[in-house]
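[1] Here is my input, please return the structure:
(one chain, ligands or ions: 1)
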Amino acid sequence: MLPTHRPRRNRKSEVIRNMVQETNLTTNDFIYPLFLIEGQNQTIEVSSMPGIYRFTADRLIDEIGQAVALGIKAFAPFPSINDALKDRLAKESANPEGLYLKTVADIKRQFPDVVIMTDVAMDPYSSDGHDGVVDAESGEILNDASLEVLGQMALAQARAGADIIGPSDMMDGRVAWIRDVLDRNAFSHVSIMSYTAKYASAFYGPFRDALDSAPKKGDKKSYQMNPANKREALRELALDEQEGADMVMVKPALSYLDVIHAVKEHTHLPVTAYNVSGEYAMIKAAAQNGWVDGEKTMMEVLLSIKRAGADAILTYFAKEAAEVLRRG
Ligand code: PBG
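    As a prediction, this is how the structure comes out:
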């Protein structure tokens, strides 16, 4: 019997393939994470992330200019803070004259239309390298003491002009806490994109190198999620919705496409995914060895994250992918 059904007919030409394509990437989908360092006129490549740099503020603004010219409109800067400014309570995180907040304000002055998402977590500013307050004796991460710090950090970021606050710390109740602090201070227009399901992942290694933000002791397993769990992500989702998150995120992306899909099926909020540093590094390393075609692999990965259910993607590939999209 010859086949009655021939799905290949829908693949027979480029035009037909494009016509029936279910998922498309555009530069509207990208949020570009950037690493910010002290100083002037310097760009230093992250050794584990070829093509990704740590920028001084002036160079970071140039980089944003280049990305904007390619159609990228949203950015997520992360700071590398001098060790001398780190302390147990991450006080530098709320300093309006500090590196991060001054640069955020500068970016918004130069590019009023771009969207800036700021990161809320203590690790870049904490002498302990943890996202929350560490109890000096027990070494425990103190949830409710952390909320106080995170709220002040978020408020300072809103004052600096952040459009979206991105709590990446995974403390319980932080979305509601931050929403309340923002609303009581006339920042009800500032959005919250919650890192809803952030896993305790080995894929953050290159990021911690770039910012020198690895925990000094222990790991992050008492607040970041166990990679084995999916239903727990839906519990976090329900809480973030109740607490007033505007957008939710799954992080990392590639080993968690099933989680992205599950989250998408259970919410009406926009879903984002963070294609993290280690995921970037793997593709770059394989491409540099000539083991995969870097450009095609990049586009396939980004498309897959969208197909799984992400409405937007935080990705270090943003500029490179925008160049590919521009070429068509
Ligand atoms: C900090 C933070 C991390 C990342 C984003 N925000 C690292 C961590 O939790 O240790 C990782 C991003 C990446 O790997 O690209 N709270």
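
[2] Report the contact partners of Phe55.
    Phe55 sits next to Leu34, Phe35, Leu36, Ile37, Gln42, Thr43, Asp62, Glu63 when contact means C-beta atoms under 8 Å, 6 or more residues apart in numbering. Heads up, the C-betas are built off the backbone N, CA and C, glycines and all.

[3] Closest to the ligand out of the residues you listed?
    Phe35 (9.8 Å; C-beta to the nearest ligand atom).

[4] Check the secondary structure at the closest one for me.
    strand (DSSP: H, G, I helix; E, B strand; the rest coil).

[5] Any chance of a PyMOL selection covering the buried ones in the contacts of Phe55?
    The buried residues among the contacts of Phe55 can be selected in PyMOL (16 or more other C-beta atoms under 10 Å) with this line:
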select buried, resi 34+35+36+37+63
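
[6] Redo the contacts of Phe55 as TSV? Include pLDDT and distance to Lys284.
    Output for these, formatted as TSV (pLDDT from 0 to 100; distance: C-beta to C-beta, whole Å):
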residue	pLDDT	distance to Lys284
Leu34	98	17
Phe35	98	16
Leu36	98	21
Ile37	97	21
Gln42	98	22
Thr43	98	17
Asp62	98	22
Glu63	98	18
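
[7] quick one: is the helix or strand of the chain with the lowest mean pLDDT near the ligand?
    The weakest-scoring helix or strand in the chain, judged by mean pLDDT, DSSP states H and E, is helix 205-211 (a mean of 92). Yes: applying C-beta under 6 Å from any ligand atom, one finds that helix 205-211 is in contact with the ligand at Phe207, Arg208.

[8] which parts of that helix are buried?
    Neighbour-count burial for helix 205-211 flags Pro206, Phe207, Arg208, Asp209, Ala210, Leu211 (criterion: 16+ other C-beta under 10 Å).

[9] contacting residues around the fourth one?
    Translated: Asp209. Per C-beta under 8 Å, 6+ apart, neighbours of Asp209: Val46, Ser47, Ser48.

[10] Give the residue spans of the stretch 51-200 of the chain that score low on pLDDT.
    Nowhere does the stretch 51-200 of the chain drop to pLDDT under 70.

[11] and the closest residue to the ligand within it, how many neighbours?
    Relative to the ligand, the nearest point of the stretch 51-200 of the chain is Ala121 (3.5 Å; C-beta to the nearest ligand atom). Neighbours of Ala121 under the rule other C-beta atoms under 10 Å: 28.

[12] Pretty sure it sits against Val133.
    No: contact criterion C-beta atoms under 8 Å: Ala121 and Val133 do not qualify, at 11.7 Å.

[13] those strands in this protein, which residues are they?
    Counting by DSSP state E, the chain has these strands, from start to end: 30-37, 43-45, 53-56, 74-79, 115-120, 133-134, 141-142, 164-167, 191-198, 247-251, 271-275, 312-315.

[14] buried stuff in stretch 103-117?
    Thr103, Val104, Ala105, Asp106, Ile107, Lys108, Phe111, Val114, Ile116, Met117.

[15] Whichever helix in the chain runs longest close to the ligand?
    Longest helix in the chain, counting residues (DSSP state H): helix 143-160. No: Helix 143-160 stays clear of the ligand (C-beta under 6 Å from any ligand atom), getting no nearer than 10.9 Å.

[16] change the start of the numbering to 35 and stick with it
    Okay, using 35 as the starting number, the last item reads as helix 177-194.

[17] how big is the angle separating that helix from strand 225-232?
    Helix 177-194 and strand 225-232 meet at an angle of 140 degrees, taking axes from the mean of the first three to the mean of the last three C-alpha atoms, to 10 degrees as the criterion.

[18] Next, the angle strand 149-154 makes with helix 177-194.
    150 degrees.

[19] Would you mind naming what in the stretch 85-234 of the chain lies close to the ligand?
    Asp153, Ala155, Asp157, Asp165, Ser202.

[20] Contacts only, for Pro261.
    By C-beta under 8 Å, 6+ apart, Pro261 lies in contact with Tyr233, Ala234, Ser235, Ser289, Tyr290.

[21] whoops, I mixed them up, Val209
    Taking C-beta under 8 Å, 6+ apart as the test, what Val209 contacts is Pro201, Ile226, Ser228, Leu273, Asp274, Glu277, Gly278, Ala279.

[22] beta partners of the third one?
    To tie it back to what came earlier, the one meant is Ser228. Val282 (DSSP bridges).
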